[in-house]
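In: For reference, the sequence and a predicted model appear below.
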Amino acid sequence: MFELAIASAIFAAAFQTAAADGARTALRTCIKQATVEAKSAKVTNDGFTAFVRQKCSAQETSFKSAVWAFDSKNKVSKKQSESDAEFQIEDFLSMAADHYANDPQ
(Lines give C-alpha, C1' and ligand atoms only; values in the text may rest on other atoms or scores of the structure.)
Protein backbone atom coordinates (compact mmCIF):
# COMPACT_ATOMS: atom_id res chain seq x y z
CA MET A 1 0.00 0.00 0.00
CA PHE A 2 2.82 2.37 0.87
CA GLU A 3 4.48 1.67 -2.47
CA LEU A 4 1.27 2.59 -4.26
CA ALA A 5 1.16 5.95 -2.48
CA ILE A 6 4.76 6.67 -3.43
CA ALA A 7 4.15 5.64 -7.03
CA SER A 8 1.07 7.89 -7.16
CA ALA A 9 3.06 10.83 -5.80
CA ILE A 10 5.83 10.28 -8.32
CA PHE A 11 3.30 10.05 -11.16
CA ALA A 12 1.56 13.24 -10.01
CA ALA A 13 4.88 15.10 -9.80
CA ALA A 14 5.86 13.90 -13.26
CA PHE A 15 2.51 15.00 -14.67
CA GLN A 16 2.83 18.45 -13.09
CA THR A 17 6.37 18.78 -14.38
CA ALA A 18 5.16 17.75 -17.84
CA ALA A 19 2.43 20.39 -17.70
CA ALA A 20 4.95 23.09 -16.76
CA ASP A 21 7.33 21.87 -19.47
CA GLY A 22 4.52 21.93 -22.03
CA ALA A 23 3.58 25.48 -21.07
CA ARG A 24 7.25 26.51 -21.22
CA THR A 25 7.59 24.97 -24.68
CA ALA A 26 4.42 26.72 -25.88
CA LEU A 27 5.74 30.05 -24.61
CA ARG A 28 9.13 29.60 -26.25
CA THR A 29 7.47 28.57 -29.52
CA CYS A 30 5.27 31.66 -29.40
CA ILE A 31 8.31 33.87 -28.79
CA LYS A 32 10.03 32.36 -31.83
CA GLN A 33 6.94 32.93 -33.99
CA ALA A 34 6.55 36.47 -32.69
CA THR A 35 10.20 37.12 -33.54
CA VAL A 36 9.54 36.15 -37.15
CA GLU A 37 6.48 38.44 -37.20
CA ALA A 38 8.49 41.27 -35.63
CA LYS A 39 11.09 40.97 -38.38
CA SER A 40 8.39 41.10 -41.04
CA ALA A 41 6.78 44.09 -39.37
CA LYS A 42 10.19 45.76 -38.96
CA VAL A 43 9.66 46.26 -35.22
CA THR A 44 12.45 48.31 -33.65
CA ASN A 45 14.77 46.75 -31.08
CA ASP A 46 13.21 48.98 -28.42
CA GLY A 47 9.70 47.81 -29.28
CA PHE A 48 10.53 44.12 -29.58
CA THR A 49 9.79 43.02 -26.02
CA ALA A 50 6.44 44.78 -25.90
CA PHE A 51 5.55 43.32 -29.30
CA VAL A 52 6.35 39.78 -28.15
CA ARG A 53 4.58 40.19 -24.80
CA GLN A 54 1.45 41.31 -26.61
CA LYS A 55 1.59 38.40 -29.06
CA CYS A 56 2.33 35.81 -26.37
CA SER A 57 0.24 37.04 -23.44
CA ALA A 58 -1.95 33.92 -23.41
CA GLN A 59 1.11 31.65 -23.33
CA GLU A 60 2.67 33.74 -20.55
CA THR A 61 -0.49 33.36 -18.49
CA SER A 62 -0.59 29.60 -19.11
CA PHE A 63 3.07 29.29 -18.17
CA LYS A 64 2.59 31.22 -14.94
CA SER A 65 -0.41 29.05 -14.07
CA ALA A 66 1.50 25.84 -14.76
CA VAL A 67 4.43 27.00 -12.65
CA TRP A 68 2.05 27.88 -9.81
CA ALA A 69 0.30 24.51 -10.09
CA PHE A 70 3.66 22.78 -9.73
CA ASP A 71 5.01 25.10 -7.03
CA SER A 72 1.87 25.01 -4.89
CA LYS A 73 2.21 21.23 -4.54
CA ASN A 74 5.77 21.80 -3.33
CA LYS A 75 4.75 24.38 -0.71
CA VAL A 76 6.21 27.35 -2.59
CA SER A 77 4.46 30.63 -1.85
CA LYS A 78 2.35 32.25 -4.56
CA LYS A 79 4.53 35.36 -4.44
CA GLN A 80 7.73 33.34 -4.90
CA SER A 81 6.16 31.26 -7.68
CA GLU A 82 5.05 34.38 -9.56
CA SER A 83 8.51 35.88 -9.14
CA ASP A 84 10.20 32.70 -10.40
CA ALA A 85 7.87 32.46 -13.41
CA GLU A 86 8.38 36.12 -14.29
CA PHE A 87 12.15 35.69 -13.99
CA GLN A 88 12.04 32.80 -16.47
CA ILE A 89 9.85 34.79 -18.87
CA GLU A 90 12.20 37.77 -18.65
CA ASP A 91 15.12 35.46 -19.37
CA PHE A 92 13.39 34.04 -22.47
CA LEU A 93 12.55 37.55 -23.68
CA SER A 94 16.04 38.87 -22.98
CA MET A 95 17.64 36.08 -25.00
CA ALA A 96 15.17 36.60 -27.85
CA ALA A 97 15.74 40.38 -27.79
CA ASP A 98 19.51 39.87 -27.92
CA HIS A 99 19.17 37.56 -30.93
CA TYR A 100 16.74 39.94 -32.58
CA ALA A 101 19.04 42.94 -32.12
CA ASN A 102 22.07 41.06 -33.40
CA ASP A 103 20.41 39.40 -36.38
CA PRO A 104 21.63 41.15 -39.54
CA GLN A 105 18.82 41.90 -41.93
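Out: Sure thing, it's come through.

In: count of residues packed around A69?
Out: 15 (other CB atoms under 10 Å). In this view, the C-beta of every residue, glycine as well, is placed from N, C-alpha and C.

In: Correction: the previous question concerned K73.
Out: For K73, using other CB under 10 Å, the count is 12.

In: Relative to A20, how far out is it?
Out: 11 Å (CB to CB, to the nearest Å).

In: And for S77?
Out: Going from S77 to A20 by CB to CB gives 17 Å.

In: Among those two, which residue is more densely surrounded?
Out: A20 (19 against 10).

In: In contact with that one, which residues?
Out: 63, 66-67, 69-70 (CB atoms under 8 Å, 6 or more residues apart in numbering).

In: Who wins on neighbours among those residues?
Out: Neighbour counts for these peak at F63, which has 25 neighbours (criterion: other CB under 10 Å).

In: For Q80, identify the helix or strand it belongs to.
Out: Using DSSP states H and E, Q80 sits in helix 78-102.

In: If we go by neighbour counts, what in that helix is buried?
Out: For helix 78-102, the neighbour count (16 or more other CB atoms under 10 Å) marks 81, 85, 89, 92-93, 96-97, 100 as buried.

In: For these, give me a markdown table that also has pLDDT.
Out: Below are the buried residues of helix 78-102 laid out as a markdown table (pLDDT from 0 to 100):
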| residue | pLDDT |
| --- | --- |
| S81 | 91 |
| A85 | 94 |
| I89 | 96 |
| F92 | 96 |
| L93 | 97 |
| A96 | 97 |
| A97 | 97 |
| Y100 | 95 |
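
In: Closest to A58 out of the residues you listed?
Out: Nearest to A58 out of the buried residues of helix 78-102 is I89 (CB to CB; 12.9 Å).

In: picking that back up, which members of the contacts of A20 are positioned in helices?
Out: Per DSSP state H, helices hold the following members of those: 63, 66-67, 69-70.

In: May I see those arranged in TSV, with distance to R53 as well?
Out: Shown next, in TSV, are these (distance: CB to CB, whole Å):
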residue	distance to R53
F63	12
A66	18
V67	17
A69	22
F70	23
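
In: And these, which is closest to A38?
Out: Lowest distance from A38 to the ones in helices among the contacts of A20 (CB to CB) belongs to F63, with 19.7 Å.
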